[in-house]
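# Okay, sequence plus prediction incoming.
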Protein chains: 4
Amino acid sequence: MPRAVREQQMLDAAVATFGQRGYRAASMDEIAELAGVSKPLVYLYLNSKEELFTACIRREAAALVSAVQGGVTPGVPADRQLWNGLLAFFAHAAENPDGWAVLSNQARTHGEPFAAEVAAMREEIVTLVTLLIAAAAAEAGCTVSPGGSSSGTSEELADREVAGLAHALVGAAESLAGWANVTPGASAKDTAATLMNFAWAGLENLMSGKRWTPSSSSP
Amino acid sequence: MPRAVREQQMLDAAVATFGQRGYRAASMDEIAELAGVSKPLVYLYLNSKEELFTACIRREAAALVSAVQGGVTPGVPADRQLWNGLLAFFAHAAENPDGWAVLSNQARTHGEPFAAEVAAMREEIVTLVTLLIAAAAAEAGCTVSPGGSSSGTSEELADREVAGLAHALVGAAESLAGWANVTPGASAKDTAATLMNFAWAGLENLMSGKRWTPSSSSP
Amino acid sequence: MPRAVREQQMLDAAVATFGQRGYRAASMDEIAELAGVSKPLVYLYLNSKEELFTACIRREAAALVSAVQGGVTPGVPADRQLWNGLLAFFAHAAENPDGWAVLSNQARTHGEPFAAEVAAMREEIVTLVTLLIAAAAAEAGCTVSPGGSSSGTSEELADREVAGLAHALVGAAESLAGWANVTPGASAKDTAATLMNFAWAGLENLMSGKRWTPSSSSP
Amino acid sequence: MPRAVREQQMLDAAVATFGQRGYRAASMDEIAELAGVSKPLVYLYLNSKEELFTACIRREAAALVSAVQGGVTPGVPADRQLWNGLLAFFAHAAENPDGWAVLSNQARTHGEPFAAEVAAMREEIVTLVTLLIAAAAAEAGCTVSPGGSSSGTSEELADREVAGLAHALVGAAESLAGWANVTPGASAKDTAATLMNFAWAGLENLMSGKRWTPSSSSP
DNA sequence: CATGAATGAGAATTCATTCAT
DNA sequence: AATGAATGAATTCTCATTCAT
């Protein structure tokens, strides 16, 4: 059996085990057995538990990013791109629960070699979303100023605000994906719709300058 | 030294260690040393690693809920209550990063004794937020119908939508808290403002029936 | 509460715990709790686990020997004395199962400080039985020769044979006591009768020279 | 080194250690060192202290039963079979003192997983002896009635009496084996002869109806 | 290419024992 | 006379990792 195939089998087993047991609780014994190979072979191919875990993270991160990017097709309006991206994201997380668990739970929870990998992936997605939001703003005739804090002027949006929005959106998506994965009856489409509604409304309001500030409320 | 004091010292040390290392990677040796006591004493007072971890989760969850509830003072308008609650939440998470890590990362990542504890706390907060959102809607003259799916009628909001909003809001807040804890220059107030804007806009749009649906967009 | 009383309570608790759990598995914590006192007090009175166990053995051994000797009343025929002794022995073992377990199982199973204590008690009983057997033989008009091996002559019994008989009898009694303690429906009287029958027959045969030897059998 | 060989080495070491120190006091460290392997290997092959101990009991019980059965060759008169069986038993116990200690002391003294193992072996031997005694009775022209209590009639023996005899005989043999193992100058042959004499006499007396009863003695 | 055999290092947990009061 | 507080030293068990073949 060719090496590449064996390696994928090992990664499959590792993702499943890490996702369900957690990094520390997963044992190389269990992974090797699940992969149907002997432990030394795992070491021969992947060197150590740490490298094996890193390889898992990379593979799953790449798959997720690729799935999302597959949804975000240029040429259509920004809101549709966002919608398709969300849909692709929730569908992928639902179809690969172990991989999603590795990325969202395990990788973050264990020290530095791993957190950086996920942070990179996350940054990639945040960037994508930031661009989408900026594009949506542009389509709505709103300029994005590279300045610091929010000017509050209608038709103008600060960089920071767009970035904050993107972060909040990605954070909400991550949280909802975990929730949808453990909630029966939460389809990817419904989940995406909930978030899209939320996000789009926030975006429209920001663009039209209707911000909520502590002082805008009753005394 | 009296038992109660020692116990708090141990919990302090345990929260710090669990928060930084993770449940499995944290060793009782390290916790005991950090607490300035011998391991047997930790066992004498807290019985096992599992019970120790559970005690940490309970204490931190109670502290967090209490902080948030301290912000949500009845008698003021709902939007202010929400604002104050968010502020209290982000401030508490920022001031207790290890406790927050225990609740948001560790407790969820490890099997059933623990996940349930956090789920209970989360439910408590989601309920609080749901009530707040409903109150805000009422203040704005919008009725909340106990029916199933969204009717789309102006001035009417389905139960499910309020709950979805609350879930998304709490999820976004959790995610933003993690992000703020890791991002220099993100103050609790700024973070709360970003989210409040986002959430309030979503709420206003929902209340006024301006929902985004896949088909409402350009082809 | 006077010291002597407290000490007996501790020994009661210790005998029960050692008898049921075994020497190593019994913990000083459990013993102290069962005795209703604090651990340091146990140490104050009995110094160490080893000394505590020794004290248990001594007390139980003395009680057993005293019970047996209470049955063996001089002045009556030797067979009756033997019978009464057996009866007293089985009754005592049945009434004090934990004490009997300490003597028969635990004390023997754990190294040298303890085995010697029990061996001493056992020797005391074997001596008593030896004298009884010799008395019975004398009553039956049979001389006991202080010589070495069995002469085989009728009406004469070697020292060694009497000692062997006594040892076998005591061994059988010990074994039967353990058996009776775990066998429902085995009364002390029945058990004593079984053994008495066995022993008395052996004795009579020996005294009348009807020995079994390998060569006395068919070729 | 092949697994089977290593396993036997480990069992050898374990039997020696358990026999001398007792179940609780024997440490896996000591056993591993005596076996000349590392502790993890012992766990890899035998899983736990409990399973290791059970394996010891099984091996030693099988060896002992096999030794006794090797002595009891069919085709020769029952008394010779009994004699050869006793001889084989005492010889085996003398040659394997640790194994004998495991079976006779340790296994009985510690809770349920183990006691049952030994009880099974003991039952096997008691059955063998019961059959032998019945055969001996038959050869002597005595019928064994399946009835309840002793009829007392000459030439007739109740089931119960045969079973009681077998139990007492096995108990006496066990006790004598322990004694012989501890008494210098007590050869297997001498020990067997003492017991055989004892047993055979008891059997002959029972068969000829000469039972001792409390009331048959002088007042 | 693949594995059976083997281990050093460290994990959780328990226990007999001692002080200061 | 009595105890709450505290620990050093084991003990059972697990795991990532490496050779020799």
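Received, thanks.

# does DNA strand F sit close to the lengthiest helix in chain A?
When chain A is parsed with DSSP state H, its longest helix is helix A:112-139. No: figure legend: helix A:112-139 not in contact with DNA strand F (CB under 7 Å from any atom of the strand); closest approach 11.8 Å. Placement of C-beta: from N, CA and C, glycine included.

# show me what contacts A:Asn63?
Not Asn; residue A:63 is Ala. A:His92, A:Asn96, A:Gly99 (CB atoms under 8 Å, 6 or more residues apart in numbering or on different chains).

# avg pLDDT for the longest helix of chain A?
Averaged across helix A:112-139, pLDDT comes to 87.

# what's the answer for stretch A:210-219, then?
64.

# re the thing from before, from the contacts of A:Ala63, which ones fall inside helices?
A:His92, A:Gly99.

# between the contacts of A:Ala63, which is closest to chain D?
A:Gly99 (32.0 Å; CB to the nearest CB).

# residue ranges with poor pLDDT in chain A?
Along chain A, segments meeting pLDDT under 70 span A:147-158, A:215-219.

# what does it put close to DNA strand E?
So chain A meets DNA strand E at A:Met1, A:Arg3, A:Arg6, A:Val37, A:Ser38, A:Lys39, A:Pro40, A:Leu41, A:Leu44 (CB under 7 Å from any atom of the strand).

# Let's have the residues you listed in CSV, adding neighbour count.
As requested, the residues of chain A next to DNA strand E are exported to CSV (neighbours: other CB atoms under 10 Å in any protein chain shown):
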residue, neighbour count
A:Met1, 7
A:Arg3, 9
A:Arg6, 17
A:Val37, 18
A:Ser38, 11
A:Lys39, 14
A:Pro40, 9
A:Leu41, 14
A:Leu44, 12
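
# what sits against whichever residue of chain A sits closest to chain D?
Here the residue of chain A nearest chain D is A:Asp29; by CB to the nearest CB that distance is 10.4 Å. A:Asp29 is in contact with A:Lys39, counting by CB under 8 Å, 6+ apart.

# now swap in A:Phe53 and tell me
Here A:Phe53 is in contact with A:Ala14, A:Phe18, A:Tyr23, A:Gln106, A:Ala107, A:His110, A:Phe114 (criterion: CB under 8 Å, 6+ apart).

# Just the element for A:Tyr23, please.
For A:Tyr23, there is no host helix or strand (DSSP states H and E).

# So what's the residue count around it?
24 (other CB atoms under 10 Å in any protein chain shown).

# Which phi and psi values does A:Gly22 adopt?
phi 100, psi 160 (degrees, to the nearest 10).

# Isn't it up against B:Thr109?
Yes: the criterion here is CB atoms under 8 Å, and A:Gly22 meets it with B:Thr109 at 5.7 Å.

# Could you tell me which residues touch both of these two?
Common contact partners of A:Gly22 and B:Thr109 (CB under 8 Å, 6+ apart): A:Asn105, A:Gln106, A:Thr109.

# Could you measure from the first one over to chain B?
Read it as A:Asn105. Look at A:Asn105 and chain B: by CB to the nearest CB, to the nearest Å, they are 5 Å apart.

# quick one on the thing from earlier: A:Ala201: which of the contacts of A:Ala63 is nearest?
A:His92 (24.9 Å; CB to CB).

# What is the burial count for the residue nearest to the closest one when sequence neighbours are not counted?
Computed as CB to CB, 6 or more residues apart in numbering or on different chains, the closest residue to A:His92 that is not its neighbour in sequence is A:Ala67, at 4.0 Å. Counted by other CB under 10 Å, the residues lying close to A:Ala67 total 17.

# A:Ala67 falls within a strand, correct?
No: with DSSP: H, G, I helix; E, B strand; the rest coil as the criterion, A:Ala67 is located in helix rather than a strand.

# So it is in contact with A:Phe90, correct?
No: with contact defined as CB under 8 Å, A:Ala67 does not reach A:Phe90; the gap is 10.1 Å.

# Isn't A:Trp200 up against B:Thr213?
No: using CB under 8 Å, A:Trp200 is not in contact with B:Thr213, being 10.0 Å away.

# between the two, who's got more neighbours?
A:Trp200 (23 against 13).

# which one is the more buried one nearest to, not counting chain neighbours?
Using CB to CB, 6+ apart, the closest residue to A:Trp200 is B:Trp212 (4.1 Å).

# got the contact list for the one you found?
A:Asp79, A:Met196, A:Asn197, A:Trp200, A:Ala201.

# Show me what counts as buried in the helix or strand containing the residue of chain A closest to chain D.
Element membership for A:Asp29 (DSSP H and E) is helix A:28-35. For helix A:28-35, the neighbour count (16 or more other CB atoms under 10 Å in any protein chain shown) marks A:Met28, A:Glu30, A:Ile31, A:Ala32, A:Leu34, A:Ala35 as buried.
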